[in-house]
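Asker: Okay, here's the prediction I keep looking at, along with the sequence it came from:
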Protein chains: 2
Amino acid sequence: MSSRPRSVRIRDVAAVAKVDPSIVSRILSGDEQLSVRAETRQRVLDAVERLQYRPNRAARMLRTSRTMALGIIVPDLTNATYAEISRGADAESAERGYILLVVAGSLFDRLQLLDGRVDGLLYAIATSEPLERVRVPEAPPSLLVNRHEPGMGPSVTVDDESAAALATAHLADLGHTRIGHISGPPHVDTSRRRASGFAGELTRRGIVIAADLIVPSTFDERAGHAAATELLTRRPRPTAILVANTRAAIGAVAAASSLDISIPEDLSIVGFDDIPVAEFLVPPLTTLRRPLAPMGARAVQLLLELIEGRSVSSEMLEATSELVLRGSTAPPR
Amino acid sequence: MSSRPRSVRIRDVAAVAKVDPSIVSRILSGDEQLSVRAETRQRVLDAVERLQYRPNRAARMLRTSRTMALGIIVPDLTNATYAEISRGADAESAERGYILLVVAGSLFDRLQLLDGRVDGLLYAIATSEPLERVRVPEAPPSLLVNRHEPGMGPSVTVDDESAAALATAHLADLGHTRIGHISGPPHVDTSRRRASGFAGELTRRGIVIAADLIVPSTFDERAGHAAATELLTRRPRPTAILVANTRAAIGAVAAASSLDISIPEDLSIVGFDDIPVAEFLVPPLTTLRRPLAPMGARAVQLLLELIEGRSVSSEMLEATSELVLRGSTAPPR
DNA sequence: CTGTTAGCGCTTTCAA
DNA sequence: TTGAAAGCGCTAACAG
C-alpha cells in the first residue's frame, strides 16, 4: 500500500529556478508575447529537467477548457476499414498536437463517459446506429466520417459512386453482363452511392440491371455469405459480383466455394477496401483501394476547424479510388 | 464564430435547488455517509435535470486526482486478437465505472500524450516493442496483457503452452508425425510458451522433432506466407503445421495454395485465435479459441487493484483454450 | 440534516 | 523583463 509520491508542481519548478510560476508556465507553453532573458529561460528549463516536471493535465484542462484530445467512435475494433481511417486520423492529430482516442461501441452509450475528455468527436459509424440521438447535450463538436447524413452536420466521404463505377467497368470490360451487387445497409448513404455507381455504369453500357441482382447486406463475413448464397442460387446465375465491403466479400468467396463455384472461372468478385487479408485469400481478392487514411486525416482537419468555431461544410475527397487487380476477377467462361 | 455557451456549474444547480453546492456534489456522487431528506434530494435531482447539469470533468479530475479512464495500447488496430482482448477489457471497465480508451501505436511515443488522461494502462504489445523504455517517469500503473516479461511488472496471460499442446495432440491423433510450427518472435515469451507446448506434446508421444520444422515469424499474413513457403520446401515436407497466429495462418494457407498443396488433403493447418474471418476461409480454418475476452477482463481487474495501491502478481488464467474443428485439418494421405 | 471553507495546479490579465 | 493575484469547477474535511 505505497502511497504514490506527491507530484512536482509548477511552483516547485519556479522555486528552484527562482522565478514566478507564471514565467515557467509561459515558457513551457511557448508564449510568443513573452520576452525573457536567455539565461532565465535556461534556468527554468534546467529546473524542469532536474525535477522531471510534467504539467498536471487536469489543472491545465480546467484552466484552458481544452483537453487536446480527439475521439473516434467505431462500431467495433475488428473492422480493418475503420482501422485504416483511424490511422490517417491519428497521424493528423499527432501533427496538430492532439491525441486520438479510439472508443468502440455505440455512440450513444459512450457519449457520457467521453464527455469532458475530448474536444471533438469523429463518428465512424457505417452501421445502423440511430443517428437522431446523436444531437444530445453532451455531444462535443463532431463530424461524420465515411458517411453523409442530411441534418447530421458536416461529413467527410470519398467518391464511392465513382469507385463502384470503376469496379463495375472492370467487370464489364472483362465481358461480364450478368453482374450482381451485394450492397451495404440501404439506409446508409454510402451504400446507396455505391449501388448508384454500380447501376449507373451498367446503364451507361446499355446493360440491363435485373433488380433481383442487388442484395443488401451488412459489413461482416456472415452477412456476405448469406447474401452471396442468395445471389448465386438465382437463375441465370450472375457471373460476377461487386461486394460493398471486403469482409462481406470474404463471406461471398466462402459461399461460392460451398456451392462449388470456382473463382474466378465461374465467378468474379471485387470487394471494397483493400484490407491486409485481401492479398492472401485464395484466390487473392481484386479490391477497390479507397483513400481511407486521407479521409481520416481530412476529417481531423475539419473537426479542428469546427472546434475553433469556424463553420464547415460536408466534403467529398478529391482523391480517387484505385482498382487493385488480383486473382478473383477474370472473363466469364 | 459562435462562442459556446457557458456551461452549467454545480453552484447553479445548488442555487436552483436552494442548497449548498456540497450537497449537490454528495448526492450526485452517491456518497453513502450522507443523510439527506428525500424531499431535498428530489429538489436537487430536479434541478440537475432541468438545467441539464453535467459535472465538469477536468475540475473533478483535478480535485480527486482520478480520471476514471483506463487505456490500452495496441500495436495496431487491425489485429483481431487485440480487438477481442479489448472487448473484454472494455466490458469490465464499464462495469467498474471506467471508460477504456484504445490507443494504437508504440507505447513510448504515446506515453506523454496519454499522461494525465488515464489512471492505468494495459500494454497489449506482442511485438518487439523495446520494453525497457516502459519504465519512464510518466508511466501510470500498468499491466502487461497476453505476454509476460520478467522485470516488467505484473502480467496476465493464458495457458498458451497447453493450448499449443492441445492443437499438436489433435494433429498427432489424426496421424501426423511430421509436423511443423510457425512460431511468433522468439524473444516474446508467448511465442516460447507455444513452441514449448508444441515440442512437449510431440516428445510425450515419442515423435522426434526436427529442429528445422520450427520457423519463427511475426503476426501478419505476409510473414506467415514467407515462413510457410520456407517450411513447405523442406524435404520431406511436413504434413501439418501449427501456426502461432491466425493472420499468419492465413498467409500459410495462401503459401500452400501457391505451391499447389491442397488443404487439408496434403497439408493440415491449425491457427491460434479464432478470429471472425477464420470460419469463412476456404477451407474454414481449424483454430484454437483462447479465452481472450476473459483475459482482457481480468487484466482490468488487476489493473484496478494496482491503481488502488495493492500489490499484484502475474497471473495465468485458469480458463482453457478450446479447439475449434473446421476443414483445415484431416489425416495425412 | 445542511453549510462553510479551503484548495487541487494551472494560466492569464494586469501591474510593476 | 518579471511578479502578483485571481479564479477555472469541483470535493471533502469539518463545523454547526
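Answerer: Yes, it's here.
Asker: what are the ranges of the helices in the stretch 201-333 of chain A?
Answerer: A:221-232, A:246-258, A:292-307 (DSSP state H, counting those that start in this stretch).
Asker: Highest mean neighbour count out of those helices?
Answerer: Mean neighbour count (mean count of other CB atoms under 10 Å in any protein chain shown) peaks for helix A:246-258 among these, with a mean of 26. Where C-beta positions appear, they are placed from N, C-alpha and C, glycine not excepted.
Asker: and it, average pLDDT?
Answerer: For helix A:246-258, mean pLDDT rounds to 95.
Asker: Distance check, the closest residue in space to A:R237 that isn't next to it in sequence against chain B.
Answerer: Residue nearest to A:R237 in three dimensions, not counting chain neighbours: A:R178, with 7.5 Å by CB to CB, 6 or more residues apart in numbering or on different chains. A:R178 is 23 Å from chain B, where distance means CB to the nearest CB, to the nearest Å.
Asker: What of A:I214?
Answerer: A:I214 is 22 Å from chain B, by CB to the nearest CB.
Asker: That residue touches A:P186, doesn't it?
Answerer: No: between A:I214 and A:P186 there is no contact under CB atoms under 8 Å: 9.4 Å.
Asker: out of those two, which sits in the more crowded spot?
Answerer: When A:I214 and A:P186 are compared for neighbours, A:I214 comes out ahead with 19 against 11, by other CB atoms under 10 Å in any protein chain shown.
Asker: Chain neighbours aside, what residue packs nearest to that one?
Answerer: Nearest residue to A:I214, sequence neighbours excluded (CB to CB, 6+ apart): A:H181, at 4.7 Å.
Asker: Report the beta-bridge partners for the one you found.
Answerer: For A:H181, the beta-bridge partners are A:I214, A:L242 (DSSP bridges).
Asker: For burial, what's the neighbour tally of it?
Answerer: When counting by other CB under 10 Å, one arrives at 28 neighbours for A:H181.
Asker: Looking at per-residue confidence, what score does it get?
Answerer: Looking at A:H181, the pLDDT reads 97.
Asker: ok, now how distant is it from A:L323?
Answerer: Distance of A:H181 to A:L323, given as CB to CB, to the nearest Å: 16 Å.
Asker: Looking at the helices of the stretch 201-333 of chain A, spot the one closest to A:D173.
Answerer: Nearest to A:D173, of all those, is helix A:246-258, at 19.5 Å by CB to CB.
Asker: Counting by contacts, list what that closest one packs against.
Answerer: In terms of contacts (3 or more CB pairs under 8 Å, 6 or more residues apart in numbering or on different chains; DSSP states H and E), helix A:246-258 is packed against helix A:80-95, strand A:179-183, helix A:221-232, strand A:240-243, strand A:268-272.
Asker: Who are the contact partners of the residue lying closest to A:I261 once chain neighbours are set aside?
Answerer: Counting by CB to CB, 6+ apart, A:I261 lies nearest to A:L267, which is 5.1 Å off, once chain neighbours are set aside. Residues in contact with A:L267 (CB atoms under 8 Å, 6 or more residues apart in numbering or on different chains) are A:232, A:238-241, A:256, A:261.
Asker: I'd say A:G153 and A:R147 touch.
Answerer: No: contact criterion CB under 8 Å: A:G153 and A:R147 do not qualify, at 11.4 Å.
Asker: so how far is A:I241 from the residue nearest to A:R237?
Answerer: According to CB to CB, A:R178 and A:I241 sit 10 Å apart.
Asker: Relative to chain B, which of the contacts of A:L267 is nearest.
Answerer: Top of the list for closeness to chain B, among the contacts of A:L267 and by CB to the nearest CB, is A:A256 at 8.7 Å.
Asker: Report whether stretch A:18-26 contacts DNA strand C.
Answerer: Yes: using CB under 7 Å from any atom of the strand, we find that stretch A:18-26 touches DNA strand C at A:21-22, A:25-26.
Asker: before we move on, back to that, out of A:R178 and A:I241, which sits in the busier spot?
Answerer: The neighbour comparison of A:R178 against A:I241 (other CB under 10 Å) goes to A:I241, with 30 against 16.
Asker: Contact partners for the more buried one?
Answerer: Applying CB under 8 Å, 6+ apart to A:I241 gives the contacts A:179-182, A:228, A:231, A:252, A:267-270.
Asker: Relative to DNA strand D, how far out is it?
Answerer: Remark: distance between A:I241 and DNA strand D (CB to the nearest atom of the strand, to the nearest Å) = 55 Å.
Asker: Show the model's pLDDT score for that residue.
Answerer: Looking at A:I241, its pLDDT is 98.
Asker: so how far is B:A240 from it?
Answerer: In terms of CB to CB, A:I241 sits 34 Å off from B:A240.
Asker: Please apply the same query to A:P75.
Answerer: 37 Å.
Asker: Neighbour count for the two, which is higher?
Answerer: The neighbour count for A:P75 versus B:A240, taken as other CB under 10 Å, is higher for B:A240 (27 against 19).
Asker: Residues in contact with stretch A:32-39: which ones?
Answerer: Stretch A:32-39 has contacts (CB under 8 Å, 6+ apart) with A:23, A:26-27.
Asker: mind running it again at 6 Å?
Answerer: Contacts to stretch A:32-39, defined as CB atoms under 6 Å, 6 or more residues apart in numbering or on different chains, come from residues A:R26.
Asker: could you check whether it is close to DNA strand D?
Answerer: Yes: Stretch A:32-39 lies within reach of DNA strand D by CB under 7 Å from any atom of the strand, at A:34-37.
Asker: Format the helices and strands packed on helix A:246-258 as a markdown table; extra columns: distance to DNA strand C.
Answerer: Below are those laid out as a markdown table (distance: least, CB to the nearest atom of the strand, whole Å):
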| stretch | distance to DNA strand C |
| --- | --- |
| helix A:80-95 | 20 |
| strand A:179-183 | 49 |
| helix A:221-232 | 48 |
| strand A:240-243 | 50 |
| strand A:268-272 | 45 |
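Asker: Please identify which of these is closest to B:E221.
Answerer: When those are compared by CB to CB, helix A:80-95 sits nearest B:E221, at 11.6 Å.
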